[in-house]
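1. the following comprises the amino acid sequence and a computationally predicted model.
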Amino acid sequence: MSGGAAGLFVLVFFAPLAFVYGRAVARSIAARRRAGGASALALGLPKLVLPGLVGAALAYRLFVHDAARSTGWRVLDTGLALVDTLGGLALILFFLSVPFVMGRFFGVAAAVLGYFAGGGSSGLRDGADGGMPAVSPKAGGEEGDGVIMAGKLTIAIDGPAAAGKGTLARRLSAHYGLPYLDTGLLYRAVGRGAAAAGIDLDDPVAAGRIALALTPSALDDGTLRGHEAGELASRVAAHPPVRAALDAFQRAFAARPEGAVLDGRDIGTVIAPEAEVKIFVTASPEVRARRRTDELAAKGRGVDYERILAEVRARDARDAGRSVAPLKPAPDAHLLDTSEMDIDAAFRAACELIDRFLSGRNGG
Ligand SMILES: Nc1ncnc2c1ncn2[C@@H]1O[C@H](COP(=O)(O)OP(=O)(O)OP(=O)(O)O)[C@@H](O)[C@H]1O
Ligand SMILES: Nc1ccn([C@H]2C[C@H](O)[C@@H](COP(=O)(O)O)O2)c(=O)n1
């Protein structure tokens, strides 16, 4: 076998091992990036120095060695001989060095492109990460309504209770063919889990433990969307350990290569500050309470508008007043006040904002 063919064989043979190692490198860069804020490229480049040198020596040995002739320059010839010897040594150790070199390059490239960004702090894993299935990987299994997009599009929707975030987010997800994550559902599952376990909802450590143990099956409970689970959610959501435990899953979802739609309270400010489009949906407390009352009445629940209004106000105050990730618009969010808009009008207004962004990006 020629040197080139042997080299190709070695690369293909070690590709699976390099993939596994590279994925670990990408995850570690993603975790450090979240902790320190530096870019994936800045964190990844130093990791390429040693594998770069070893890789160059290996490549020289595998692909150039046979063809190498004297250049007539003594210093250069000595240098190349040294490189050749180093490559030979690396070849001897190739069981270690080839997957290491390939894996490092693959891992840094994956981290820069945003793959494998999940840090794995809770039992939840984003399906894009090769782990457990995502909450809603596709918009109800539909393709987008004929919208073809080039490049990532993450849409962050935030706003107070009953503002219409979920209604809008689901329609945008279907329209643009993006996966959707209702982040409130995560906090609802933790609140419900904490109540079921009989722990004190104001105990941050105990609630944090429930969040760490959360698995996707806990999200299947249809009653989580109810009013009571919302109140429990709002209480446990104020605890830093709870938010920290749910952080990696949400960030990984937002960082999917194609993008995603997420709705919640801190998507534009904390979870996906790099989102391409951020919308802060709001409406007056009276309008929101009216919508919620009508929604519950339509389900046959006897509800009192004044009580719902008081609860909406109390939830707003708790969500906006907490010290971690409070409800507030990101500085670059578009405000969408739907007090005077029906669902279709709110959807059209959001699409206008998003389409304007897309056409600007495409140079249109
Ligand atoms: N623009 C709108 N006009 C009229 N009704 C609306 C509008 N947007 C949403 N609704 C209705 O208001 C109710 C609350 O909407 P939705 O559940 O989407 O709000 P949300 O912000 O996701 O609430 P939560 O904070 O509980 O997650 C639903 O009954 C929905 O159909
Ligand atoms: N990103 C999020 C999402 C939700 N919460 C908390 C605060 C809410 O009152 C509660 C329920 O959310 P909903 O389902 O009504 O959107 O969960 C949060 O703190 N951060």
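-> Received it, and whenever you're ready, just let me know what you need. Numbers count the residues shown, from 1 in each chain. Ligands and ions are numbered 1, 2, ... in the order given.
2. tell me what residue 281 is bridged to.
-> Residue 281 has the following beta-bridge partners by DSSP bridges: residue 336.
3. pull the contacting residues for it.
-> Counting by CB atoms under 8 Å, 6 or more residues apart in numbering, residue 281 touches 157-159, 163-165, 168, 336, 338, 346. Quick note: C-beta positions are derived from backbone N, CA and C, even for glycine.
4. next: residue 41.
-> 108, 112.
5. and the pLDDT at it?
-> pLDDT for residue 41: 81.
6. quick check, central residue of this protein?
-> In the chain, the centroid-proximal residue (CA atoms, centre = their mean) is residue 252; its distance is 2.3 Å.
7. now do the SS call for it.
-> Secondary structure assignment for residue 252 (DSSP: H, G, I helix; E, B strand; the rest coil): helix.
8. my read: it touches residue 154, true?
-> No - assessed by CB atoms under 8 Å, residue 252 is found out of contact with residue 154, at 11.8 Å.
9. what does this structure put close to ligand 2?
-> Residues of the chain lying close to ligand 2 (CB under 6 Å from any ligand atom) are 161, 183-184, 187-188, 230, 233-234, 237, 264-266, 315, 319.
10. now whichever strand or helix holds residue 100: buried residues?
-> The secondary structure element spanning residue 100 is helix 94-113 (assigned by DSSP states H and E). Across helix 94-113, burial judged by 16 or more other CB atoms under 10 Å covers 94, 97-112.
11. which phi and psi does the closest residue to residue 123 other than its chain neighbours have?
-> Distance criterion CB to CB, 6 or more residues apart in numbering; nearest residue to residue 123, sequence neighbours excluded, is residue 215 at 4.4 Å. The phi/psi pair for residue 215 (degrees, to the nearest 10) reads phi -130, psi 160.
12. for residue 215, give its distance to ligand 2.
-> 18 Å (CB to the nearest ligand atom, to the nearest Å).
13. residues near the closest residue to residue 332 other than its chain neighbours, how many?
-> Of all residues not flanking residue 332 in the chain, residue 278 sits nearest, at 6.1 Å (CB to CB, 6+ apart). Counted with other CB atoms under 10 Å, residues neighbouring residue 278 total 23.
14. part of a strand, is residue 278?
-> Yes - checked against three-state DSSP, residue 278 lies within a strand.
15. you'd agree it is up against residue 336?
-> No - using CB under 8 Å, residue 278 makes no contact with residue 336, being 10.5 Å away.
16. contacts only, for the closest residue to ligand 2 within the stretch 251-364 of the chain.
-> Per CB to the nearest ligand atom, residue 264 is where the stretch 251-364 of the chain lies closest to ligand 2, at 2.4 Å. Going by CB under 8 Å, 6+ apart, residue 264 touches 157-158, 165, 182-184, 250, 271.
17. and ligand 1, which of the residues you listed reach it?
-> For ligand 1, the contacts drawn from the contacts of residue 264 by CB under 6 Å from any ligand atom are 165, 184.
18. among the contacts of residue 264, name the ones in strands.
-> Members of the contacts of residue 264 lying in strands (criterion: DSSP state E): 157-158, 182.
19. ok, these vs ligand 2, which is closest?
-> Using CB to the nearest ligand atom as the measure, the one of the ones in strands among the contacts of residue 264 that approaches ligand 2 most closely is residue 182, at 6.6 Å.
20. before we move on, back to that, keep only the buried residues of helix 94-113 that also lie close to ligand 1.
-> Okay, of the buried residues of helix 94-113, nothing touches ligand 1 (CB under 6 Å from any ligand atom).
21. before we move on, back to that, quick check: the gap between the residue nearest to residue 332 and residue 90.
-> 48 Å (CB to CB, to the nearest Å).
22. got it, and residue 271?
-> Using CB to CB, we find residue 271 at a distance of 42 Å from residue 90.
23. name the residue in these two with the higher neighbour count.
-> Taking neighbours as other CB under 10 Å, residue 271 and residue 90 compare with residue 271 leading, 27 against 24.
24. now the strands for the stretch 51-200 of the chain?
-> 153-158, 180-182 (DSSP state E, counting those that start in this stretch).
25. buried set for the shortest one?
-> Spelled out, it's strand 180-182. Neighbour-count burial for strand 180-182 [16+ other CB under 10 Å]: 180-182.
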